[in-house]
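A.B. asks: quick one: sequence and predicted model below, then my questions.
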Amino acid sequence: MNSFLETVKRVPEACHRVLCIDDDPVDAKLLHRALKHLPDFHVEFIHVQNSELAHQILLEDPTDFVFLDYFLAGETGLEILSFIREKGYEGPVIMVTGQDSQKTAADLISAGADDYIPKSDLNNSTLGRAIRKGQTEYARRRVEAQYHVLLRELREAKEVLETDNAALKEQKKMAQRFVDHVSHEFRTPLAVIKDFSLIIRDELLGDVNDEQREYLNTIATRVDDLTIMVDDMLDLSKIEAGMLGIQRRACEVEEIVKQVKRTLELKAAVTNVTLEFTLPPSLPTVFCDSEKASRTLINLAVNAIKFVGDSGKVKIWAKSDPQRGHVELGVTDNGPGITAEAKQFIFERFEQVGDMVSQENVKGFGLGLSIAQELVTMNLGQLHVESELGEGSTFSFHIPENDPLKIVEHFMTTTAIAIPDADALTLVHIDLDAEAGDFLSASSSADFLRHQIRRNDLLICFDDESWLLIAATSEAGIGEILQRVQVSRESFNKSRPGSPLPKINHQVLCSLPAGEVSQLMRVVQGIIQRKAAA
């Protein structure tokens, strides 16, 4: 038999390559025979007598198991064990020794052996146990190695994310500064141009004739157009940067329409468009950010005025829907209408209605309807369009009534379901210190809280000194939000003239899965009933 190695015929199924390092061929044969008698253990047996040959084999084609004699001529098994481990062999190593002592066992395991078998105890039971233990230890080492690799990669990824987050925060600050700068640099001169043109038109500096008045009205209208375009660009910038805030509160629909009426009348007069306002009496109070509702109405109405052309008609209307718990505002025109295909893309950014109905003379950025849809969603509503080519168009949106249950229902169906990665909604009761002071302090606290909440959170006012916050976060994450509110209050009070804002107390009520609409409604209803009974 070859003195270098002894190899048995390969078995095609479940064959285990076993390397035996032993300077005694007789002991090696005994081990080989014992392994062959193991049930379901097919073996390719390789025998070498020193570490050099062992290293050569392990380097060329690593084996499944190594059986290593404790004593060899010229070197010890412990030395060979350390050698092959240093060279990177991670598979099971089982020591075969003539000694049977606890100290020997401890030394072998400490040096990297997976198990040991006394030569006097070489049988199916001890071999099977040692092989199973070797496989288990080998699997454990591999898992540990993978764990350490993953841990290192996670640490590296964390460092990259922290660096990227720091850069993003700085970019966000730069974007905020840019938005503030652009807002000032654009809006201020536009306002001056419009104001001076109106001063001249209204003959505060002397008489003007009809032709001059018409030109001055055109200037004021075009300034309004440019102001709307600037507002759209700024709103888009804020939306992209996540900086467009929302301050929802009880509002009157008549006031929302009143804010835009004069601007739209001037716009319609210049283009000879008939503008009609139809608002029924006693509309219910709504819950929204009135500035954003007005911006939505302006964008929709200005689009309508553009496209109806000379002698066209535009109607701005509102109606209450008590069953659904909201008020619907709309703009109807007798313009060219929109094709069914175009309606699929009409709310996308930089899409222009004029391009869709072949009116090349209408210019703009194509942001108005896209921005309007964003603003409507922030106001817990939905934007709809009804139109047929040649039959005019109706754009409408709804705003929830100022009723806590209706508000929560709209919040859940328009905002909460669209929040990225929102697994839970947490309800928090907020109130002011009982000894907190006057109405002005309470009103200032309400305004302060509205500024603090995120756009995807909901703040409902129960009375002058208590609110319900529904935050798009788990109960574990709400602490960070509440801590930020307290820190901001302390900072605000340092620069606030007069009395400071009173202490804001909070009580976390519960945390529910984001998709549990009915369960959340029952909880909110219970809170409202207890509040009313108090």
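C.D. replies: Received it, and whenever you're ready, just let me know what you need. All values reported here derive from a predicted model rather than from experimental measurement.
A.B. asks: buried set for the helix or strand harbouring Ala106?
C.D. replies: Assessed by DSSP states H and E, Ala106 sits inside helix 102-111. Across helix 102-111, burial judged by 16 or more other C-beta atoms under 10 Å covers 104-105, 108. (Glycine included, C-beta is placed from N, CA and C.)
A.B. asks: mind checking how far that helix is from the chain centre?
C.D. replies: Put simply, helix 102-111 sits 54 Å off its chain's centre (C-alpha atoms, centre = their mean, to the nearest Å).
A.B. asks: after it, next one along is what?
C.D. replies: strand 115-118.
A.B. asks: need the residues that contact that following strand.
C.D. replies: 70, 94-100, 104-105, 108-109, 126-127, 129-130, 133-134, 137 (C-beta atoms under 8 Å, 6 or more residues apart in numbering).
A.B. asks: now these: which count as buried?
C.D. replies: Among the contacts of strand 115-118, those buried by neighbour count (16+ other C-beta under 10 Å) are 70, 94-97, 104-105, 108, 126-127, 130, 134, 137.
A.B. asks: as CSV, those with distance to Gly309 would be great.
C.D. replies: Formatted as CSV, the buried ones among the contacts of strand 115-118 follow (distance: C-beta to C-beta, whole Å):
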residue, distance to Gly309
Tyr70, 101
Ile94, 92
Met95, 96
Val96, 99
Thr97, 101
Thr104, 101
Ala105, 97
Leu108, 95
Thr126, 98
Leu127, 95
Ala130, 93
Gly134, 87
Glu137, 84
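A.B. asks: out of those residues, who's nearest Lys194?
C.D. replies: Nearest to Lys194 among the buried ones among the contacts of strand 115-118: Glu137, at 81.8 Å, using C-beta to C-beta.
A.B. asks: now the angle between helix 102-111 and the helix ranked longest in the chain, please.
C.D. replies: Scanning the chain for the longest helix, with DSSP state H as the assignment, gives helix 124-201. Going by axes from the mean of the first three to the mean of the last three C-alpha atoms, to 10 degrees, helix 124-201 is angled at 30 degrees with respect to helix 102-111.
A.B. asks: who are the packing partners of helix 124-201?
C.D. replies: Packing contacts for helix 124-201, counted by 3 or more C-beta pairs under 8 Å, 6 or more residues apart in numbering; DSSP states H and E, involve helix 25-36, strand 93-97, strand 115-118, helix 210-241.
A.B. asks: and those as CSV, adding distance to Arg155 and mean pLDDT?
C.D. replies: Shown next, in CSV, are these (distance: least, C-beta to C-beta, whole Å; pLDDT from 0 to 100):
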stretch, distance to Arg155, mean pLDDT
helix 25-36, 43, 89
strand 93-97, 31, 88
strand 115-118, 34, 86
helix 210-241, 30, 78
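A.B. asks: pLDDT on the longest helix of the chain, on average?
C.D. replies: Here helix 124-201 scores 85 as its mean pLDDT.
A.B. asks: repeat for stretch 44-60
C.D. replies: Mean predicted lDDT for stretch 44-60 stands at 84.
A.B. asks: gap between the two ends of that stretch?
C.D. replies: The first residue of stretch 44-60 is 16 Å away from its last residue (C-alpha to C-alpha, to the nearest Å).
A.B. asks: what number of residues lie near the residue nearest to Asn217 when sequence neighbours are not counted?
C.D. replies: Nearest non-adjacent residue to Asn217, counting by C-beta to C-beta, 6 or more residues apart in numbering: Val270, 5.4 Å away. With neighbours defined by other C-beta atoms under 10 Å, the count for Val270 comes to 18.
A.B. asks: and the one 5 residues further on, by the same measure?
C.D. replies: Around Leu275 there are 20 other residues, counting by other C-beta under 10 Å.
A.B. asks: wait, is it part of a strand?
C.D. replies: Yes: the assignment for Leu275 (DSSP: H, G, I helix; E, B strand; the rest coil) places it in a strand.
A.B. asks: grab the nearest non-local neighbour of it.
C.D. replies: Excluding the flanking residues, the one nearest Leu275 by C-beta to C-beta, 6+ apart is Ala268, at 4.0 Å.
A.B. asks: isn't Ala424 up against Glu475?
C.D. replies: Yes: between Ala424 and Glu475 there is a contact under C-beta atoms under 8 Å: 7.2 Å.
A.B. asks: more neighbours: those two, which one.
C.D. replies: Using other C-beta under 10 Å as the criterion, Ala424 and Glu475 rank with Ala424 on top: 19 against 16.
A.B. asks: give the full set of residues in contact with Asp431.
C.D. replies: By C-beta under 8 Å, 6+ apart, the neighbours of Asp431 are 465-467, 504-505.
A.B. asks: can you turn the buried part of these into a PyMOL selection?
C.D. replies: Those of the contacts of Asp431 that count as buried under 16+ other C-beta under 10 Å are selected in PyMOL with:
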select buried, resi 465+466+467+504
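A.B. asks: quick revisit: deepest of the helices and strands packed on helix 124-201, which one?
C.D. replies: Neighbour counts (mean count of other C-beta atoms under 10 Å) averaged over each of those peak at strand 93-97, with a mean of 24.
A.B. asks: shared neighbours of Ala424 and Glu475, which are they?
C.D. replies: Listed as contacting both Ala424 and Glu475 by C-beta under 8 Å, 6+ apart are Ser511.
A.B. asks: one step back: least confident pick among the contacts of Asp431?
C.D. replies: The minimum pLDDT among the contacts of Asp431 falls on Glu465, with 80.
A.B. asks: surely that one meets Leu432?
C.D. replies: Yes: between Glu465 and Leu432 there is a contact under C-beta under 8 Å: 4.5 Å.
A.B. asks: circling back: ok and the longest helix of the chain relative to helix 210-241, angle-wise?
C.D. replies: Helix 124-201 and helix 210-241 are oriented at 170 degrees to each other (the same axes, to 10 degrees).
A.B. asks: tilt between helix 124-201 and strand 93-97?
C.D. replies: Going by the same axes, to 10 degrees, helix 124-201 makes 160 degrees with strand 93-97.
A.B. asks: could you list the domains of the protein?
C.D. replies: Listed domain ranges for the chain are 15-122, 252-400, 417-533 (source: automatic domain parsing).
A.B. asks: and the strands in the stretch 351-500 of the chain?
C.D. replies: 383-387, 393-400, 424-432, 458-463, 466-471 (DSSP state E, counting those that start in this stretch).
A.B. asks: elements contacting the last one?
C.D. replies: If contacts are counted by 3+ C-beta pairs under 8 Å, 6+ apart, strand 466-471 sits against helix 404-414, strand 424-432, strand 458-463, helix 475-495, helix 517-533.
A.B. asks: contacting residues around Glu137?
C.D. replies: Per C-beta under 8 Å, 6+ apart, neighbours of Glu137: 92, 114-115.
A.B. asks: could you dump the residues you listed to CSV with distance to Arg141?
C.D. replies: Shown next, in CSV, are the contacts of Glu137 (distance: C-beta to C-beta, whole Å):
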residue, distance to Arg141
Pro92, 9
Asp114, 9
Asp115, 14
